[in-house]
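Participant: quick one: sequence and predicted model below, then my questions.
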There are 2 protein chains.
Amino acid sequence: MRFGFMMYPGYEELDLIGPWELATMWKTYAGGPDCVTVAQTRDEIRCAKGLLTRAGATYAEVGPLDYLLIPGGFASFDELKNPVSVEFIREQAKGAKAVLSVCTGTFLLHAAGLLKGRKAATNWKTIARLRELGVEVVEERYVGDGPVWSSAGVAAGMDMLLAFIAHEAGPEAAWTTQYQAEYIPEAKAYGPLSAWENAPRYARDQLD
Amino acid sequence: MRFGFMMYPGYEELDLIGPWELATMWKTYAGGPDCVTVAQTRDEIRCAKGLLTRAGATYAEVGPLDYLLIPGGFASFDELKNPVSVEFIREQAKGAKAVLSVCTGTFLLHAAGLLKGRKAATNWKTIARLRELGVEVVEERYVGDGPVWSSAGVAAGMDMLLAFIAHEAGPEAAWTTQYQAEYIPEAKAYGPLSAWENAPRYARDQLD
């Protein structure tokens, strides 16, 4: 089993690397799939906040993946105009067990035609924009609808990954991954919900 | 103000990139410091789980930093034998407002002489080993003791960074960072505490 993590210029760092850390812990300690980063080329890729990364394989050479995760970031709105990336997602989705997006990676799922008739989550700033495209957007931290999973922004991808591991491999695998990564977050909010304009429903439910 | 994030071969991905994401959100949305990755050379650095990254500056060229964060990973035990890295930490610490470590990055703080008379946190697997070196190890998710902050393993670095931002810039800055990154984690444990041998006290307190 192989889990691909798609990179493109300007992707948001934690969108990809949060889930990557959990998936590679799943591999190391609980029998999870091999993990590989994949991009259109092997050129260095500068992330949204300036981190310098490079993919381990190109779209052309990676071969069929069982799972594929697509990060977001403002640059996702440029990347959805790249037919090579959109076609890569569409083709991989045909054979994959699941395709996952984090944050505005959902807009790439939409561009690849994967959200027809499906629920999706996205970054809170882009909920209205995704609804305008006709997508049924849920204001949850993440949602799995058949083989398509999506999460809210940035850090939400880690909560999605644990739920995804539990779904694919059982709660013991998710728990082992969770404590190996010490992902036992503080349940702490540093400010009031009233200072977060347009907070999504999951946050209002959780913080109120 | 400048915040350096130290890379070395085999560093654990999320140890560095979790705090990096929060610090760069602090910069973008709440007036935080400029963030820069720094390593001994500009060669590509392979992380613990295989992610390929490269630092934006070398130790020699980065200049004085206000804050410096040091990630962990099994490779930290090799890196503490690298006198160039240890000296870099020691020299930067003289002028910095704060030095922070995540996971076994604490062992690099220790090698640089920064833990004398100070409390520190580390990865749960290495608590006994750090105590054997004479360090007062607390089983907290993170601890700040004067200018030296340290956290438990991997994902704990993100909780530390938010607390650090609140300490340096006030809770409003931490809150803005938190919701911009949608770091409002689910408070969910996928398994029982009994299945986590040697769980640290913070986890026992939080999950029991």
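Facilitator: Arrived safely, thanks for sending. In this text the structure is predicted, and so the values were computed from the model without any measurement.
Participant: verify the contact between residue A:11 and residue A:73 for me.
Facilitator: Yes: between residue A:11 and residue A:73 there is a contact at 5.0 Å, judged by Cβ atoms under 8 Å. (Glycine included, C-beta is placed from N, CA and C.)
Participant: so those two - more neighbours on which side?
Facilitator: residue A:11 (30 against 27; other Cβ atoms under 10 Å in any protein chain shown).
Participant: tell me the buried residues in stretch A:182-192?
Facilitator: A:182-186, A:189-191 (16 or more other Cβ atoms under 10 Å in any protein chain shown).
Participant: which residues of chain A fall in strands?
Facilitator: For chain A, the strands defined by DSSP state E occupy A:2-6, A:34-39, A:45-46, A:52-54, A:57-58, A:67-70, A:98-101, A:119-120, A:136-137, A:142-145, A:148-151.
Participant: so what sits against both of residue A:11 and residue A:73?
Facilitator: Here residue A:11 and residue A:73 have A:47-48 as joint contacts, going by Cβ atoms under 8 Å, 6 or more residues apart in numbering or on different chains.
Participant: which one is residue A:164 nearest to, not counting chain neighbours?
Facilitator: Among residues not flanking residue A:164 along the chain, residue A:149 sits closest, at 5.8 Å (Cβ to Cβ, 6 or more residues apart in numbering or on different chains).
Participant: distance of that neighbour relative to residue B:139?
Facilitator: Using Cβ to Cβ, to the nearest Å, residue A:149 is found at 34 Å from residue B:139.
Participant: which one's more surrounded, the two?
Facilitator: residue A:149 (25 against 17).
Participant: beta-bridge partners for that one, please?
Facilitator: As for beta bridges, residue A:149 partners with residue A:100, residue A:144 under DSSP bridges.
Participant: hey, which of the strands of chain A is tucked in deepest?
Facilitator: With neighbours taken as mean count of other Cβ atoms under 10 Å in any protein chain shown, the strands of chain A reach their highest mean count in strand A:148-151, at a mean of 29.
Participant: what sits up against that strand?
Facilitator: A:98-103, A:105-106, A:109, A:114-115, A:118, A:120-122, A:141-143, A:157, A:159-160, A:164.
Participant: if we use 7 Å, what do you get?
Facilitator: Counting contacts by Cβ atoms under 7 Å, 6 or more residues apart in numbering or on different chains, the residues outside strand A:148-151 that touch it are A:98-102, A:106, A:109, A:114-115, A:118, A:120-122, A:141-143, A:157, A:159-160, A:164.
Participant: for the closest residue in space to residue A:182 that isn't next to it in sequence, what are its contacts?
Facilitator: Excluding the flanking residues, the one nearest residue A:182 by Cβ to Cβ, 6+ apart is residue B:153, at 4.0 Å. Taking Cβ under 7 Å, 6+ apart, we find residue B:153 in contact with A:182, B:103, B:123-124.
Participant: now swap in residue A:146 and tell me
Facilitator: residue A:118.
Participant: again with residue A:10
Facilitator: Contact analysis of residue A:10 by Cβ under 7 Å, 6+ apart lists A:47-48, A:73-75.
Participant: skip the chain neighbours and tell me the closest residue to it.
Facilitator: residue A:75 (2.6 Å).
Participant: do the same with residue A:123
Facilitator: Take residue A:123 and drop its neighbours on the chain: the residue closest to it by Cβ to Cβ, 6+ apart is residue A:153, 3.5 Å away.
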